[in-house]
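1. A predicted structure for the sequence below; I have some questions about it.
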Amino acid sequence: MSGRLRGVVLSVLAAAGATLVSGAAALGGSVLGADAWPGITAAALVAGLFGGTTAYVWLGARGGGGLPSSAKPGDPGESGLLATHAAHGPAIRGRLTGVDSDAVAELRRLREVAEGVHGVEALFDADLRLEWISPSIQRLTGRTPGECLAAERFVDFLVHDSDRRYCLRTMQKVLARGQGEDFEMRFVQEGGQVCWVACHWRPLYLEDGTVGGLRMSAEDIQGRKEAEYKLLETVAQLRRAQALSENYLMRSNDERQRLSALLNVIRLGILFMDRDHRVLYYNRAMLDIWQLPVHENLIGVRDVVLESRVVGLLESPEAYFSHIREVVGRHEISDPFEIRLKDGRVLTDVSAVVEDGSQGRRGIGRVWIYEDVTEQRNTARKLVAMAERDPLTNLYNRRRFHEELERLLADAARREVKVGLLAIDLDGFKPINDEFGHQAGDEVLVTLAREVGGIIRRNELFFRLGGDEFGVLAPDADEEDLIGLARRIVEGIGALRFEFGGRPASLTASLGIAFYPDHATDGEALIAAADHAMYRSKNSGRNCWSVAERAGGESARMSTSGRDEPQTGEQ
Ligand SMILES: Nc1nc2c(ncn2[C@@H]2O[C@H](COP(=O)(O)OP(=O)(O)OP(=O)(O)O)[C@@H](O)[C@H]2O)c(=O)[nH]1
């Protein structure tokens, strides 16, 4: 409190007499504490209490300067109480004049009210020195009003480092402009902790209307600040989480782009269906394979609609759609399924459930992978053909002959039927080669293969076993039928006429016939029996057929009866 104000109050106390002085003494230096209230200035309080004294005259001149204009006598709260005292100033004054002990009691009561102020009230002089501060400062900061008053500079003593400059600037501004300012700052508590307060700075006017000091009203907003901090922290966490999820989203978008680029260059058709059997994703190859328009948007299209779009391509739609139903009904990866298309292409499909990543095996859809295997199938067919066919005549070769022989014998054993083997060896083939060249020999072989191929029946198999050796396998063979076939072959070959370099050429063949199980019970023995019969034909003058001898040396019905009219190439 300024010396001037302090003097005023002390003179009031002197005038009030010994009782009041003792009352004031009881209040100590802090009797002045009774002349300031939260929200009301010391000037107004003293005016209210000590009207009619010197103080009243002095303070009365700046009178209501500190009293909130809105405060009225009888209002609830401290401002109202003060206003009541101000209104009744003359009565109190009267009592003070007579050194009324009631006034002292009143003063005490008011002091109690001042000390009970919840927020912090403080008065500063024009040099920004602390003149008075409410006892509540101790509850807020642990510092007593005495310690605060003793400190050289209030701002340095109580205000946090970071807020000091701003606090000082604001105080100076309020002093200079005479306009209040509000801001929030931090007090430093005795233990070094920080306590946030909301400060309201108001100018105090002197009687001449100039600003003679400042009043600070501060409320504890630590709880609110902590809540704000928590809120800010939560917001920051949310922002971090959002940034993280945006980052993940961005990365997952990049990943999707990469995957999409990859899927669009591979030749496999990829189709993702969702749980509701609607198209979720497909790649370019999928459209190509199923001959769907490149720019058509199929996303969201149901599986049944998709099936209706491709049904016209399928060789066996029913078989394919029932395969789809079967696959969809199970939860496993399907086996590759071959799809034959009317245009000759061959596709395969494989399908798997797309799991949602949880452990509950919850499918979130299905992926279908299509592959056009036409090329592969053709290549495989060519390789197989190369492996089992004679490249010159395109007849099955010796390798396939052995396979078929074993298969037919096994089948014949199970069904107890006969298998016939016809061994064919050309007569006089070498002279054709020698005389007309190897190419002429080839032509003879190709022609012969075609001619004999036209003679044998659909269920009989014709092989080139090597060189000028051929063979015919006849399942479910009947002896008479096979002999008839042998005759037709001998005649057919003998009837062939060639011309090389303007010169005619022809040849004949010698045949041997053997039956399973009549002449042998396994493949090797059957071949040997047929060969043996064929050599007998050779030895019998060629251009004929012979039936093998039965096991035990018993002669076949007709060992060389094929000799009708032996023919040679020279004929
Ligand atoms: N042009 C041609 N000749 C072949 C081929 N494979 C084997 N030969 C020839 O066929 C001939 C077969 O020999 P042989 O069985 O003695 O010929 P052949 O004159 O019919 O003798 P016989 O069976 O005793 O009548 C050989 O000269 C082989 O070089 C072929 O793919 N093309």
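-> Cool, got the structure. Numbers count the residues shown, from 1 in each chain.

2. which residues sit in contact with the residue in the chain that the ligand sits nearest to?
-> With C-beta to the nearest ligand atom as the measure, Gly441 is the residue of the chain nearest to the ligand, at 2.4 Å. For glycine as for every other residue, the C-beta is placed from the backbone atoms N, C-alpha and C. Gly441 makes contacts with 429, 432-433, as judged by C-beta atoms under 8 Å, 6 or more residues apart in numbering.

3. if you set the cut-off to 10 Å instead, what comes out?
-> By C-beta atoms under 10 Å, 6 or more residues apart in numbering, Gly441 lies in contact with 392, 426, 429-435, 467-468, 500.

4. okay, these in a markdown table with distance to the ligand next?
-> Output for the contacts of Gly441, formatted as a markdown table (distance: C-beta to the nearest ligand atom, whole Å):
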| residue | distance to the ligand |
| --- | --- |
| Leu392 | 6 |
| Leu426 | 5 |
| Phe429 | 4 |
| Lys430 | 3 |
| Pro431 | 6 |
| Ile432 | 8 |
| Asn433 | 5 |
| Asp434 | 7 |
| Glu435 | 11 |
| Gly467 | 4 |
| Asp468 | 5 |
| Phe500 | 12 |
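
5. Helix or strand with the lowest mean pLDDT in the chain?
-> helix 54-62 (a mean of 30; mean pLDDT, DSSP states H and E).

6. for the ligand, what are the nearby residues on the stretch 351-500 of the chain?
-> 392, 425-431, 433, 438, 441-442, 445, 467-468 (C-beta under 6 Å from any ligand atom).

7. Buried among those? Make that a PyMOL selection.
-> Restricted to buried positions by 16 or more other C-beta atoms under 10 Å, the PyMOL selection for these reads:
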select buried, resi 425+426+427+428+429+441+445+468
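
8. out of the residues of the stretch 351-500 of the chain next to the ligand, who's nearest Arg258?
-> Closest approach between those and Arg258, by C-beta to C-beta: Leu392, at 52.9 Å.

9. Which elements pack onto the host helix or strand of Arg165?
-> Using DSSP states H and E, Arg165 falls within helix 161-177. Where contact means 3 or more C-beta pairs under 10 Å, 6 or more residues apart in numbering; DSSP states H and E, helix 161-177 is packed against strand 120-125, helix 154-158, strand 181-188, strand 194-205, strand 211-220.

10. Distance from the first one to the middle of the chain?
-> Distance of strand 120-125 from its chain centroid, counting by C-alpha atoms, centre = their mean, to the nearest Å, is 63 Å.

11. and what of the third one?
-> Distance, stretch centre to chain centre, for strand 181-188: 49 Å (C-alpha atoms, centre = their mean).

12. residues touching the closest residue to Arg345 other than its chain neighbours, list them.
-> Spatially, and ignoring its direct neighbours in sequence, Arg345 is nearest to Thr374 (4.5 Å; C-beta to C-beta, 6 or more residues apart in numbering). Thr374 makes contact with 340-341, 343-347, according to C-beta under 10 Å, 6+ apart.

13. Now do the contacts for the residue lying closest to Arg399 once chain neighbours are set aside.
-> Once flanking residues are discounted, Arg399 sits nearest to Glu388: 5.6 Å by C-beta to C-beta, 6+ apart. By C-beta under 10 Å, 6+ apart, the contact set of Glu388 is 395-401, 403-404, 463.

14. Out of these, list just those in strands.
-> Phe463 (DSSP state E).

15. now the contacts of Glu388: which count as buried?
-> Here, 16+ other C-beta under 10 Å leaves 395-397, 400-401, 404, 463 buried among these.

16. Kindly reformat the residues you listed as JSON lines containing pLDDT and distance to Ile369.
-> JSON lines is the format used below for these (pLDDT from 0 to 100; distance: C-beta to C-beta, whole Å):
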{"residue": "Leu395", "pLDDT": "96", "distance to Ile369": "40"}
{"residue": "Tyr396", "pLDDT": "96", "distance to Ile369": "36"}
{"residue": "Asn397", "pLDDT": "96", "distance to Ile369": "37"}
{"residue": "Arg400", "pLDDT": "96", "distance to Ile369": "35"}
{"residue": "Phe401", "pLDDT": "97", "distance to Ile369": "40"}
{"residue": "Glu404", "pLDDT": "97", "distance to Ile369": "37"}
{"residue": "Phe463", "pLDDT": "98", "distance to Ile369": "41"}
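
17. For Asp476, give me its contacts.
-> 408, 411-412, 415, 417-420, 459-460.

18. ugh, wrong one, I meant Leu422
-> 452, 456, 460, 462-463, 470-474, 477, 482-483, 485-486, 489, 511-514, 530, 533-534, 545.

19. The ligand contacts on the chain?
-> Proximity of the chain to the ligand, by C-beta under 6 Å from any ligand atom, involves residues 392, 425-431, 433, 438, 441-442, 445, 467-468.

20. how far away is the most centrally placed residue in the chain from Leu259?
-> Closest residue to the average C-alpha location of the chain: Ser252 at 6.0 Å, with C-alpha atoms, centre = their mean. In this structure, Ser252 and Leu259 are 10 Å apart, going by C-beta to C-beta, to the nearest Å.

21. and for those two, which residues touch both?
-> Joint contacts of Ser252 and Leu259 (C-beta under 10 Å, 6+ apart) do not exist.

22. Now the two most distant members of the contacts of Glu388.
-> Leu395 and Glu403 (14.2 Å).

23. circling back to that earlier point, can you redo the contacts of Thr374 as JSON lines with secondary structure and neighbour count?
-> JSON lines is the format used below for the contacts of Thr374 (DSSP: H, G, I helix; E, B strand; the rest coil; neighbours: other C-beta atoms under 10 Å):
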{"residue": "Arg340", "secondary structure": "strand", "neighbour count": "17"}
{"residue": "Leu341", "secondary structure": "strand", "neighbour count": "19"}
{"residue": "Asp343", "secondary structure": "coil", "neighbour count": "9"}
{"residue": "Gly344", "secondary structure": "coil", "neighbour count": "9"}
{"residue": "Arg345", "secondary structure": "coil", "neighbour count": "17"}
{"residue": "Val346", "secondary structure": "strand", "neighbour count": "17"}
{"residue": "Leu347", "secondary structure": "strand", "neighbour count": "20"}
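
24. and those as a markdown table, adding pLDDT?
-> Output for these, formatted as a markdown table (pLDDT from 0 to 100):
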| residue | pLDDT |
| --- | --- |
| Arg340 | 96 |
| Leu341 | 97 |
| Asp343 | 96 |
| Gly344 | 95 |
| Arg345 | 96 |
| Val346 | 96 |
| Leu347 | 97 |
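
25. Which of those residues sits closest to Gly365?
-> The nearest member of the contacts of Thr374 to Gly365, counting by C-beta to C-beta, is Leu347 at 21.2 Å.

26. Just to check, that closest one is in contact with Glu375?
-> No - using C-beta atoms under 10 Å, Leu347 is not in contact with Glu375, being 11.5 Å away.

27. quick revisit: looking at the buried ones among the contacts of Glu388, which are in helices?
-> Among these, DSSP state H puts 400-401, 404 in helices.

28. need those in JSON lines with distance to Leu130, can you?
-> Formatted as JSON lines, these follow (distance: C-beta to C-beta, whole Å):
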{"residue": "Arg400", "distance to Leu130": "116"}
{"residue": "Phe401", "distance to Leu130": "121"}
{"residue": "Glu404", "distance to Leu130": "119"}
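
29. wait, what's in contact with Arg366?
-> Counted by C-beta under 10 Å, 6+ apart, Arg366 has contacts 271-275, 277, 280, 303, 327-328, 331, 334, 351-354.
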